[in-house]
Structures are given as structure tokens and as C-alpha cells.
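Peer 1: from the sequence below, what's the structure:
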Amino acid sequence: MKKVVTLGQFIVKKQEDFPYAKGELSSLLSALRLASKIVSREVNKAGLMDDIRGSSGVTNIQGETQMKLDDFANLEFISSMMAREEICGMASEENDDIIIFDRPECQDGKYVLLIDPLDGSSNINVNVSIGTIFSIYRRISPVGTPATLEDFMQRGREQVAAGYVVYGSSTMLVFTTGNGVNGFTLDPSIGTFCLSHPDMKMPEDGSIYSVNEGNYRYFSEGVKRYIKYCQEEAEGRPYSARYIGSLVADFHRNLIKGGIYFYPASGLSPRGKLRLLYENNPLAFIAQQAGGRATDGRMDILDIRPSELHERTPLFIGSKNMVDKVHEFIDLYDLKGEKNK
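Peer 2: Predicted structure coming up:
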């Protein structure tokens with residue numbers, strides 16, 4: 001019988017990868033594990049409980065209507081992190097500003113957390129997979145002082161850990177600490193995450209493209225040409241169009257099967273729609289560690305220097321060869337024209 005490896009056992013075993021951390025990073029991952037199990041429980045009850053289903057009537061900093069489960073997940077992760085001494089502050093997609101943990105012991109924390117507590121929450125009422133995305137950085141400000149905005153405004157390459165939880169037919173936590181990507185599935189019978197997808201690798205090629213084609217007429221010429229390329233009958237094409245509308249779910253499928261997800265700049269969203277710090281950076285780190293690639297159509301997502309807390313950027317992420325190919329179209333039809341101006 002195959003030996004089951006729990007997330008807790010895996011974290012302890014891999015602690016040797018971070019000799020400088022002295023257990024703090026492992027403790028943070030354990031806190032995220034616990035909070036995600038609580039959120040998973042509430043997500044699974046959403047079809048039965050009217051008091052956690054539907055809109056909260058509040059609009060967040062992104063201009064989006066918060067769902068009741070958005071509020072619940074956000075407060076649950078904040079509460080979980082505040083109980084830890086390893087973290088000096090966090091930033092959430094649902095909050096206007098950074099959250100500074102002002103307890104003296106928290107000011108000695110070496111890390112900050114950025115989180116999208118419930119990605120794809122507009123799909124809650126129709127029972128489509130949703131998720132949590134998180135990112136961990138070592139602080140820049142001096143230990144023993146309150147967290148500052150500078151601690152959060154780091155390039156994606158500075159991440160020490162990133163991951164996501166997908167709440168679907170099963171609940172699965174996928175994360176990297178810069179030494180590969182591993183996936184853990186929640187066994188509800190014992191309430192424990194167990195290693196189910198060790199050393200995950202994204203196929204270099206795929207046959208799936210994920211984009212909201214309802215915005216097609218607002219896309220640049222290069223992106224339009226790439227979509228047509230995906231639809232042509234030639235060399236293993238046409239590709240299959242698969243767009244769930246829940247970033248975590250679309251990315252998770254493509255991570256396992258191979259494919260590309262893109263939310264480009266458009267006439268509707270000139271700067272893109274997805275958030276650099278809460279969504280693009282952590283998923284880009286995971287993609288890179290799994291052998292994939294993530295860009296904004298011009299440069300690697302992980303190299304972008306943030307200019308604001310809730311900054312948006314375009315995103316092209318997935319199998320390396322597919323991202324390389326869309327860049328060929330962007331370079332030829334979009335960037336070439338700009339360079340010649």
C-alpha cells in the first residue's frame with residue numbers, strides 16, 4: 001500500500017530547503033492550510049445556506065461587487081495571519097490599503113502576505129470552481145518596526161512562496177517555495193491535505209486556449225491573429241477553446257493538461273484586468289517553477305516593478321511554447337508598429 005504523505009509532513013521535510021527561515025515559513029504555510037480548509041467547508045455549504053450565498057451589497061476597491069463568501073474568506077485569512085508572529089502585515093485584493101499587524105511580536109515577523117481570498121467568486125451561485133491565490137515575500141523594512149508599503153511593492157522574482165487553493169469537485173492546494181511545484185488534495189474523511197501531485201510539470205505544448213472571446217473586437221491585431229491561429233486546421237490545430245471565467249480553475253487545468261490562458265489589454269481594459277500582486281505574480285511564479293511562462297505581452301510578469309498596490313496588467317500564462325507563439329504575433333502585428341512610429 002502506497003504511503004500517504006500529508007502536507008504537514010511534507011512541509012517539515014522540506015524545511016531544510018530554507019535554513020534561514022528557522023520554521024517561520026513552514027508556520028505560515030500551516031496557517032494558510034488551516035484557513036483554506038475552513039473556507040472550503042463554507043464554499044461546500046454555499047448551496048444550502050442562504051446567509052453565505054449571494055452579494056454582500058458592498059463594492060470593493062476593484063469596483064467589483066463583493067459576495068458574502070468574499071467577506072468570509074477575507075476575514076478568515078486575515079484572522080489566521082494575525083494569530084501568527086511570523087508575518088508583519090498583509091495585503092488583500094478586498095482591502096483598499098495594506099493591513100499592518102501592530103502587535104509587538106508581529107513587528108518582529110520577517111514576512112508579508114498578499115492574497116486574493118476568493119478568486120472567481122461571481123461563480124459561487126452556479127457551483128463553478130473558485131479559489132484562493134496567495135504570495136509570500138520577505139519584508140524589506142527593518143525587523144521590529146511596522147510593515148510598510150515598500151514591503152509589498154516587490155517584483156515577482158522576490159517571492160519566497162506562492163500558491164493557490166482550488167475549491168471544486170475536490171479541494172486542492174498547489175504551491176511552490178522555489179523548488180518545484182507540488183499539489184495536495186484535501187481528504188475530507190480525515191480533514192488533511194495529502195500529496196497527490198508531486199513535482200508538477202506544465203507540458204511545453206498544449207491544445208487548449210482560454211480567453212474571453214466575447215471581448216474579441218476590443219483586442220489588438222496581434223491577439224486577434226493568434227486566436228485565428230488557434231482556430232486553424234493545421235499542425236495539430238484547431239485547439240479547443242476552454243474558458244471557465246475563474247482564473248484559478250482555468251490555470252489549474254492548463255497546468256495539468258497544457259494550454260494557455262490570456263487576459264490581454266483591450267479597448268475595454270487598456271491596462272488589463274487582472275491584478276499584478278494578487279493574481280499574476282503568484283501564478284507566474286508557479287508557472288515558471290513548473291516549466292511554463294507568464295508575460296504581460298511585452299516582458300515576463302516576474303520582472304515587472306509594481307507601481308501601485310492594486311495595479312492591473314495583461315496576462316499571457318501557460319505552456320512555454322504557446323506563450324512564445326502568441327508573442328510572435330504580438331511582436332509582428334502590435335509591437336513592430338509601435339517601434340516604427
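Peer 1: Leu186: what secondary structure?
Peer 2: The three-state assignment at Leu186 reads strand, by DSSP: H, G, I helix; E, B strand; the rest coil.
Peer 1: I'd guessed Tyr239 sits against Ile208; true?
Peer 2: Yes. At 6.1 Å, Tyr239 and Ile208 qualify as touching, with contact defined as Cβ atoms under 8 Å. Any C-beta I mention is one placed from the backbone N, CA and C, and that applies to glycine too.
Peer 1: find the residues that touch each one of those two.
Peer 2: Common neighbours of Tyr239 and Ile208 (criterion: Cβ atoms under 8 Å, 6 or more residues apart in numbering): Gly259.
Peer 1: what's the single longest helix in this structure?
Peer 2: Under DSSP state H, the helix in the chain containing the largest number of residues is helix 24-44.
Peer 1: run the chain-centre distance for it.
Peer 2: On the basis of Cα atoms, centre = their mean, to the nearest Å, helix 24-44 sits 15 Å off its chain's mean C-alpha point.
Peer 1: in that helix, what's buried?
Peer 2: 24-33, 35-37, 39-40, 42-43 (16 or more other Cβ atoms under 10 Å).
Peer 1: same check, this time on stretch 190-198
Peer 2: Result for stretch 190-198 [16+ other Cβ under 10 Å]: buried residues Thr192, Phe193, Leu195, Ser196.
Peer 1: how about the third one, secondary structure?
Peer 2: The assignment at Leu195 comes out as strand when based on three-state DSSP.
Peer 1: tell me the contacts of Leu283?
Peer 2: Ile133, Ala162, Tyr164, Leu247, Phe251, Ala294, Ile317.
Peer 1: of those residues, which is the most crowded?
Peer 2: Highest neighbour count within the contacts of Leu283, by other Cβ atoms under 10 Å: Ile317, with 32 neighbours.
Peer 1: can you give me phi and psi for the nearest residue to it once chain neighbours are set aside?
Peer 2: Leaving aside its sequence neighbours, Ile317 sits nearest to Ala294 (Cβ to Cβ, 6 or more residues apart in numbering; 4.0 Å). With angles defined as degrees, to the nearest 10, Ala294 sits at phi -140, psi 130.
Peer 1: so how far is Asp96 from Ala294?
Peer 2: 27 Å (Cβ to Cβ, to the nearest Å).
Peer 1: again with Ile78
Peer 2: The gap separating Ile78 from Asp96 is 14 Å, by Cβ to Cβ.
Peer 1: and Glu221, by the same measure?
Peer 2: Taken as Cβ to Cβ, the span from Glu221 to Asp96 is 37 Å.
Peer 1: ok, the two, which is more surrounded?
Peer 2: Neighbours were counted for Glu221 and for Asp96 using other Cβ under 10 Å; Glu221 has more, 13 against 10.
Peer 1: if you skip the residues just before and after it, what's nearest to the more buried one?
Peer 2: Excluding its sequence neighbours, the residue lying closest to Glu221 (Cβ to Cβ, 6+ apart) is Tyr333, at 4.3 Å.
Peer 1: next up, the contacts around that neighbour.
Peer 2: Residues near Tyr333 by Cβ under 8 Å, 6+ apart: Ser220, Glu221, Gly222, Arg225.
Peer 1: so where's this structure uncertain?
Peer 2: Low-confidence regions of the chain, defined by pLDDT under 70, span residues 1, 16-22, 46-66, 337-341.
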